[in-house]
Structures are given as structure tokens and as C-alpha cells.
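**Student:** I need the structure of the sequence given here:
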Amino acid sequence: MAYVHQSRELISRSLYIKCLAVVMIVIILLWAFSMPIYHVLTKMLHSVTYTDQYRGQYHSKGSPVHHIHVSLCDKDSEMSIMWSCLSQPKESLVQYDSSYDYWHHNDKTLAKKSVGKCVNFKEYSPKGLKTVCKAILSELMPGHSYSYNIHLKFDNGHSVDTSIYKFTTLSHSQNFKPNLLVYGDLGTMSKSIHSLIKESKAMFGIKYSAILHIGDIAYDMYAGGGTIGDEFMRMIQPIASRIPYMTVPGDHERFQNFAQYRYRFSFPEAPWPMPLSKLWYGFSIGQAYILAISSEVFFSSRDQVEPMLNWLYDKLEEVTGKYPWLIVASHRPLYCTMLDPDDCNSKYSRVRQHLDQVFNKYNVDLVISGHAHSYVRSWPTFQGKAVQNDYRNAKAPVYIVTGMTGAPYMTDWVGDLSRYPWAAVNIANNNRESYSRLTIANHTHIKWRAVYADNQEILDTFWLVKDRVSPYLYTSTFQLENSTNIDEVFITRISTHANVNILYLCVAILLTGVIIILFIKKRKMYQC
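**Tutor:** Below you'll find the model as predicted:
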């Protein structure tokens, strides 16, 4: 009996040891592959639900007009309207007006008209919509709301009028405090689209004057014979048909010689379709001037480095001293904390070698980027070093990376903050997407907020402040919101959340504890 008892005990012990080993292996595998599994399941879920959830919601079934979006033009009194359709129309018009009758009685006899220009897109979109069109609305008043619709007539005599859409021009008022919705690396698999639509409709209490998409659009617009680009443009139409949708090209736009980007979008200072030699532009908004550049010239369009840099030098010379705030939008960042090898963390960064000195020389205030799928905020930084640890009267540019809006890849792993003395905030969260809000409050204050897309919880916030009597064109007074102490706004409020790795560690400890308890109880039972 003793021999049998010992044999059972040995078998039981061996069994539990094997069970413990299996459990630990499973936990390690879950920890190692948790994010790939999560993203694969997310993609599968989106691919199943996408058509029903989005397609019918964003445009009328059977409508020949799609992808309606607006963007700023060379003149403040103009606005660009773009759309796509399956075939070339015989006649295309945009009808627009701000009159009461047009808004409320659909009386188009009072509407102004702008003739659209359409180009064939079949070569670059063999399986998608074949025609892209653009019209420029002129004689617009600043700070006014306009209604518009698109009228098409085809060779077979069929004509169509779209629903009425609405946009608001930028104000020239000294009290104009524009808000910009800012994000990079947004694709069709993003979970953020619904939140961005709600955000753009002021459902969270903020009215936006422009959208700034910092490159990597749709992932990828050329894919599926152009159908992925079509899907993305349909998804953003509720946003882009009402608010100027301004972008910069990213590395995922380089395919087909940037054709998808050059045809689907239109921006100031460039003809349309945009040539490769003019994928950069600038525009003023409130008391800031924003320079939207193409960081891809340093990689896939090397022959365009000199033209873009010459434009950048000339533009900075032109606007410095005229605007209190200078902001640059560039897809690839000068600085990042991602662990994967990339230009932004290289000692010999092409982007940094070309732009670091330029931005510092011309007193650029803020540089916003994507590309790295994380969130990073720097201290005022020059040549890889923080020149100060606050944001009052910054002596160098502040660099922001906001690339967690829903790329189809994992969020980039980031290094420990202590490895980057120039970095103030360094966040990567595979479970939650985020975007940012930029408020140009006046000539001395800019507010930045990064929020999680699922519940708009503040991820990070800070103020850029200049203490000076403004020598610039615009003046206004401003009180910091909800703060009696100016130094309070420099305290970073960062939400902390349990990482999925910590969750798995807790599960591992719990399961190990349960197995040990069961083993002890079983052993006591045999001893009895």
C-alpha cells in the first residue's frame, strides 16, 4: 500500500508540475503574441462589420457622387470642393450660397455656381471610382457658413443633385480662436472613426476650424486597385465634407509615384492634380502659420529635396515676424522613442540633418509628426538636447508625435523615458487609439491636448506660452481656462492605465497560486 501511495503521489506531483509548466508556457505565449492576436482579431471584426456599419451611413446607395471633401485655397475668400464619381460627367457644378432661402427652402435660383474640373483616374484606380473632380468656390466672406451641393449631368441626359452640405470659412476676427483636430496614421481599420466624426461635429464641446492629417492615409490608398482609398474617403466624408481636410504625404503615399495623394487631394500653392514638385504648402489660421511639408523628399523623392528646402527657406523668411506662431506638419519626425530602427532614432537621421537647424534658426514653435505609432512630446529641443524643461518662452521647437490613431500595425514599442533626455512624455498603448486637439488661443498661448479615442480621456496636455508684448498683426487678451496659477498649466496630466502585460502577469500569478494550493491539498489528502 505504501508503494502504491508513493506512486500515486509521484504521479500526482508529476502531473501538477507538468500542468504548471503548460500554464506558464501558455502565459508566456499569450504575453508574447497578445498584440498580434489582438490586431488580427480586430481586423477580422472590422472586415466583417465594415460594409454594413459604414458604407450606407456615409453616402446614399446608388449615388454617383462620393468622397466629398473641402480644403483651403490660396485665398481666404476661396474654398476647394472635391468629389469622385464612377464615370466622367458631361457637366459638373457646385452650387453654393449663404442665403436663408437656399438653406431652408432649397431655392437654388439664388445660389452661386462654380464649374468643376474632372480628370480620369482609371490608370491609378482600375477597380475603384474612375473620375476625380474639383471646383473652387470664390467670393466667400470670412467667418461665414455656406451651404453647397454638387450637380452633375451625364451624356445619357441623366442628372443628379447631391444632398446639401455645409462648411464655415476661417474668421479674420482678432478674437478668432481656431481649434484643429490633429492625427496621423489613420487607416480603414481604425476604431477611431466614430469618435473623430463625433469630435468633428462638436459633440464633445469643441468646434473645429480645420483637420490636420499628418500622413499615412488609408493604408493604402492604391491597394485593392484603389478600393481601399475609396473606402477611406467614404469613411471621412462626414468630417471632410464640412471641415477643411488638410494633409501631408507620408511614406504610405509614395506608391504609384504619389498619384493617389496627388489626385485625391488639393491644397494651396499648387495646381491640380498636384505635381511631385509641389507636395508642400502653407496656410494661415488665426494667429498661426502652418507649413505642411513632405518629409518623403529625403527618401523616395530625393530629386525634390532642393526645391522643397528652397521653398521652406523662402516661406519662413516671408512669414517670420508676421505671425506669432509658426507650426510645421511633417509626417516623419525629427525625434522619436520607438525601438525599431528608423530614421528618427538614427544618429544620422536624414530628416534631422536637413531640418533641425532650419527650424531652430527661424524660431519654429511646434513641429507635429506621425509615422511612429506612439505619442511623444519633447521639451524645447535642439540637436538632440532639451534646452529647457518648461514651455514658457521656448528657446527651441517643441516636437510632437501623434501616430496612435489606428494604423493596421502594432503600436511601436518605445524605450524608457530616461533614455531620451529631450523627451517629456513617451506613451504607447496597444489597446487604445488616440488623437490630438490644437487650440491657437491668441498671440501668446497655444494649447495642446491628446485624448484617447474611446472615451476622450486626457492622455496629455500642455500650454506653449510667450510672455511678451506682441509685435505681430493680431492682438487679443486671454485668460487661462480653469487656472489661477500660470505654472499649473505646465504640469503634465497623464492618465495611467494597466498595461495588458501587467494583466497577463497577474493572471499567471493567480493561476500559479491556484495550482500550488490544489497541489498542497491533494498531497495532504494522500497523506491522510
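
**Student:** tell me if E296 really is in a helix.
**Tutor:** Yes: E296: assigned to a helix according to DSSP: H, G, I helix; E, B strand; the rest coil.

**Student:** need the pLDDT of it.
**Tutor:** Looking at E296, its pLDDT is 96.

**Student:** next one: it from D216, what distance?
**Tutor:** Distance of E296 to D216, given as C-beta to C-beta, to the nearest Å: 11 Å. For every residue, glycine as well, the C-beta is placed using N, CA and C.

**Student:** which neighbours do these two share?
**Tutor:** Common neighbours of E296 and D216, using C-beta atoms under 8 Å, 6 or more residues apart in numbering, are G250, D251, E253, H331.

**Student:** for those residues, work out which two are farthest apart.
**Tutor:** Farthest-apart pair in the shared contacts of E296 and D216 is E253 and H331; separation 8.5 Å (C-beta to C-beta).

**Student:** spatially central residue for the chain, please.
**Tutor:** Y183 (1.9 Å; C-alpha atoms, centre = their mean).

**Student:** residues contacting the spatially closest residue to N257 that is not a sequence neighbour?
**Tutor:** Once flanking residues are discounted, N257 sits nearest to L276: 6.7 Å by C-beta to C-beta, 6 or more residues apart in numbering. L276 makes contact with N257, F258, R262, S301, Q304 under the criterion C-beta under 8 Å, 6+ apart.

**Student:** and the two most separated of those?
**Tutor:** Among the contacts of L276, the pair separated by the greatest distance (C-beta to C-beta) is R262 and Q304, at 12.7 Å.

**Student:** between these two, what contacts are shared?
**Tutor:** Residues touching both R262 and Q304 (C-beta under 8 Å, 6+ apart): L276, L279.

**Student:** and T49, what pLDDT?
**Tutor:** pLDDT, read off for T49, is 35.

**Student:** oh, I was asking about P178
**Tutor:** As predicted, P178 sits at a pLDDT of 98.

**Student:** likewise for I164?
**Tutor:** On the pLDDT scale, I164 is placed at 91.

**Student:** kindly report the same for the one 3 residues further on.
**Tutor:** F167 is assigned 96 on the pLDDT scale.

**Student:** same deal with E306?
**Tutor:** On pLDDT, E306 comes in at 96.

**Student:** what segments of the stretch 351-500 of the chain are helices?
**Tutor:** For the stretch 351-500 of the chain, the helices defined by DSSP state H, counting those that start in this stretch cover 500-527.

**Student:** low-confidence regions, it specifically.
**Tutor:** Along the stretch 351-500 of the chain, segments meeting pLDDT under 70 span 407-412, 430, 468-500.

**Student:** that one: strands as residue ranges?
**Tutor:** Shown for the stretch 351-500 of the chain, the strands assigned by DSSP state E, counting those that start in this stretch span residues 366-369, 375-378, 381-382, 385-386, 398-402, 423-427, 434-440, 445-452, 458-465.

**Student:** partners of the third one in the sheet?
**Tutor:** Strand 381-382 pairs in its sheet with strand 385-386 (antiparallel), by DSSP bridges.

**Student:** what of the fifth one?
**Tutor:** Each strand paired with strand 398-402, and its direction, by DSSP bridges: strand 366-369 (parallel), strand 375-378 (antiparallel).

**Student:** nearest to K127, of those?
**Tutor:** Comparison of those against K127 by C-beta to C-beta identifies strand 366-369 as nearest, at 32.1 Å.

**Student:** buried residues in the closest one?
**Tutor:** Residues of strand 366-369 classed as buried: L366, V367, I368, S369 (neighbour count, 16 or more other C-beta atoms under 10 Å).

**Student:** tell me how far the residue lying closest to the last one once chain neighbours are set aside lies from K75.
**Tutor:** Same thing as S369. The spatially closest residue to S369, leaving aside those adjacent along the chain, is P333, at 3.6 Å (C-beta to C-beta, 6+ apart). Separation of P333 from K75 (C-beta to C-beta): 32 Å.

**Student:** so which of these two has more stuff around it?
**Tutor:** Under the neighbour definition other C-beta atoms under 10 Å, P333 and K75 were set side by side, and P333 has more, 32 against 12.

**Student:** wait, the more buried one sits on C344?
**Tutor:** Yes: with contact defined as C-beta atoms under 8 Å, P333 reaches C344; the gap is 4.7 Å.

**Student:** for those two, list the residues in contact with both.
**Tutor:** Contact with both P333 and C344 is made by residues V351, H371, A372, according to C-beta under 8 Å, 6+ apart.
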